[in-house]
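Participant: what's the 3D shape of this:
(chains A and B)
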Amino acid sequence: MIAVLGWAGLWLFIEIVAIILAWPERRPEERSHGLETPTRQNAAKMEKENALLRRRLQALAPTGIHIVIDSARNVLYLKKGTEILRQAVVSCGSGSILEEPGGRRKWVFDTPRGEFEVRSKIVDPTWVKPDWAFIEEGKEVPKKTEERLEPGVLGDYALGFGNGYFIHGTLYTRLLGRNVTHGCVRVGDADLKAIYQAASIGTKIFVF
Amino acid sequence: MISSIDQRKMLLGMAVMAGLALAAFAYSGQETSPGRENRILKQELELARSPALYFILDFRAEKIELKSRGMTLREWKIEKIRRWGKLPSPGAVTLDRKSTLFPPKRAKIKPGAEEEGSFELDALELKDMPSSFAFFLEGGIRIYVRPSPRGFFAKIAGAGGFLVWNLWIPLKNLVFEIRKKPFGAFDFVLRDREEAQSLYWAFPQGIKGIIVSD
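Facilitator: Numbers count the residues shown, from 1 in each chain, chains lettered A, B, ... in the order given. I've put the predicted structure just below:
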């Protein structure tokens, strides 16, 4: 009994010490972070500099037409400045993994995140099936390009944004809103047409 | 000999001096804000110049922003913040790793098997993301994220979490203190499950950001 009480007391003591040490600080010590307390003149000067920095920051953000893609919610926003011109339900990458039998190559089907730009605009695109498409189907990878061509599966338009990724149409409209693609962004026909018409080469695409 | 009138004058003078000193101190306190903003803006400008996404973790405004080129892509409002340990130094940080009890697993595609024809999709989606997890930022900062508890079981789990938070985390802080390692633990409660899941989704390991503290 005494031993138990002793251990409990010790634990309580350690816990109290721990809580006291971990007690949140009220104010950060600005000086320890290398910040100087500015004088009034310095503050006014700094305010001016801050206004300039804010302008520089704002200048980096797109003011014209741009595309924002929320890959978690599968939503594409066509925007002009801060205004949303159109909102579309899309399909983004499935996040699945494909390994080539023999383990030589591996693909992760994520929609890449970050800032991109429209690099190509194609009407009536033909899908040039990449190696992974054949491996996924359990088929042999063809050597001739002609054997890779598959028209009519990417919809009426495609907008390339680098490394083989496209915003394109789909035959699987029932899957819009789900993460099912190999990294491309699938869009419904009407939305795709609007995006194609609004975007030009160089239009920024932000994916998160 | 000092008369009582002189004493009163002296006291009054001291009170005035103390008042002025306090006012000056209070003023200097206010003056730190442009300096802090300047530092944050410079750091953000540096991050915004690269095409990578970055975040702003604002303790003052109780929100997390995911940004690119100075533009906010998504914002999460933090409903409740609790903390133990030191406040993080304001400045740029990197998300070292994400941790959760049941991390989401990617499906492996079997070559030759039907995928889209069937309705069973082996996709990694928002609903598969954890809603309770921890972000380990550089500099010993741990951010525990969870949704606002709703329902009986969530409240029971919340009670367990309360004990862990109030007993276990201070002990961890003590260990780190002894080992002279930085430690700061934060508990963020977000509006609902989906908000927390989307935060897990949107923050890849290695993402850089800025902490704006008090």
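Participant: just the buried residues of the longest strand anywhere in chain B, please?
Facilitator: Residue-count comparison of every strand in chain B, with assignments taken from DSSP state E, identifies strand B:71-85 as the longest. In terms of neighbour count (16 or more other C-beta atoms under 10 Å in any protein chain shown), strand B:71-85 has its buried residues at B:71, B:73-74, B:76, B:78, B:83-85. The way it works is simple: take the backbone N, C-alpha and C, and place the C-beta from them, glycine included.
Participant: out of these, which touch chain A?
Facilitator: When contact is defined as C-beta under 8 Å from any C-beta of the partner chain, those meet chain A at B:71, B:73-74, B:83-85.
Participant: now the strands: where do they sit in the chain?
Facilitator: All of this is about chain A. For chain A, the strands defined by DSSP E cover A:65-70, A:75-80, A:83-91, A:97-99, A:106-108, A:114-117, A:120-123, A:126-128, A:149-151, A:157-160, A:166-168, A:185-187, A:204-207.
Participant: you looked at the wrong chain, it should be chain B
Facilitator: In chain B, the strands defined using DSSP E lie at B:54-58, B:63-68, B:71-85, B:91-99, B:108-109, B:133-137, B:141-147, B:184-190, B:208-212.
Participant: show me the contact partners of the third one.
Facilitator: Yep, that's strand B:71-85 we're talking about. Strand B:71-85 is contacted by residues A:22-24, A:60-62, A:68, A:70, A:206, A:208, B:53, B:59, B:62-67, B:148, B:165, B:169-170, B:173, B:176, B:183-191, B:195, B:198-199, B:202 when judged by C-beta atoms under 8 Å, 6 or more residues apart in numbering or on different chains.
Participant: that one pairs with which strands?
Facilitator: strand B:63-68 (antiparallel), strand B:184-190 (antiparallel) (DSSP bridges).
Participant: now do that strand against strand A:75-80, angle only.
Facilitator: With axes from the mean of the first three to the mean of the last three C-alpha atoms, to 10 degrees as the criterion, the two stretches strand B:71-85 and strand A:75-80 enclose an angle of 120 degrees.
Participant: name the nearest residue to B:Pro204, sequence neighbours excluded.
Facilitator: Spatial nearest neighbour of B:Pro204, chain neighbours left out: A:Arg113 (6.8 Å); criterion: C-beta to C-beta, 6 or more residues apart in numbering or on different chains.
Participant: which residues does the one you found contact?
Facilitator: A:71, A:207-208, B:53, B:204.
Participant: now a PyMOL select for only the buried ones of those.
Facilitator: With 16+ other C-beta under 10 Å as the criterion, this PyMOL line picks the buried residues out of these:
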select buried, (chain A and resi 71+207+208) or (chain B and resi 53)
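Participant: now pLDDT and distance to A:Ser120 too, for the contacts of A:Arg113, in TSV please.
Facilitator: Formatted as TSV, these follow (pLDDT from 0 to 100; distance: C-beta to C-beta, whole Å):
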residue	pLDDT	distance to A:Ser120
A:Ser71	98	21
A:Val207	98	17
A:Phe208	97	23
B:Leu53	97	24
B:Pro204	95	27
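Participant: looking at the contacts of A:Arg113, which one is closest to A:Tyr157?
Facilitator: Distance to A:Tyr157, by C-beta to C-beta, is smallest for A:Val207 among the contacts of A:Arg113, at 18.5 Å.
Participant: returning to what we had before: any idea which of the strands of chain A is most buried?
Facilitator: Between those, the one whose residues have the most neighbours on average, counting mean count of other C-beta atoms under 10 Å in any protein chain shown, is strand A:185-187 (a mean of 27).
Participant: where along chain B do the helices fall?
Facilitator: Along chain B, the stretches classed as helices by DSSP state H are B:4-48, B:152-163, B:169-178, B:193-202.
Participant: report the distance from the third one to the chain centre.
Facilitator: Helix B:169-178 has its average C-alpha position 19 Å from the chain's average C-alpha position, going by C-alpha atoms, centre = their mean, to the nearest Å.
Participant: now swap in the second one and tell me
Facilitator: When distances are taken as C-alpha atoms, centre = their mean, helix B:152-163 is centred 22 Å away from the chain's centroid.
Participant: quick one: contacts of it?
Facilitator: Residues external to helix B:152-163 that are found in contact with it (C-beta under 8 Å, 6+ apart): B:146-147, B:149.
Participant: just the buried ones from the residues you listed?
Facilitator: Of the contacts of helix B:152-163, these count as buried by 16+ other C-beta under 10 Å: B:146-147.
Participant: can you pull the contacts of the residue of chain A found nearest chain B?
Facilitator: Taking C-beta to the nearest C-beta, chain B has its nearest neighbour within chain A at A:Gly138, 2.5 Å off. Each residue near A:Gly138 by C-beta under 8 Å, 6+ apart is listed here: B:111-113.
Participant: again, but for A:Pro151
Facilitator: Counting by C-beta under 8 Å, 6+ apart, A:Pro151 makes contact with A:124, A:126-127.
Participant: touching chain B at all, the helix or strand of chain A with the lowest mean pLDDT?
Facilitator: Within chain A, confidence by mean pLDDT, DSSP states H and E is lowest for helix A:2-22 among all helices and strands, at a mean of 85. Yes: under the criterion of C-beta under 8 Å from any C-beta, chain B is reached by helix A:2-22 at A:14-15, A:17-19, A:21-22.
Participant: residues in contact with that helix?
Facilitator: Counting by C-beta under 8 Å, 6+ apart, helix A:2-22 makes contact with B:84-85, B:166-167, B:169-171, B:173-174, B:177, B:185, all of which sit outside it.
Participant: list buried residues within those.
Facilitator: Buried among these (16+ other C-beta under 10 Å): B:84-85, B:169-171, B:173-174, B:177, B:185.
Participant: can you give me the buried ones in stretch B:33-48?
Facilitator: By neighbour count with 16+ other C-beta under 10 Å, stretch B:33-48 contains the buried residues B:34-41, B:43-44, B:47-48.
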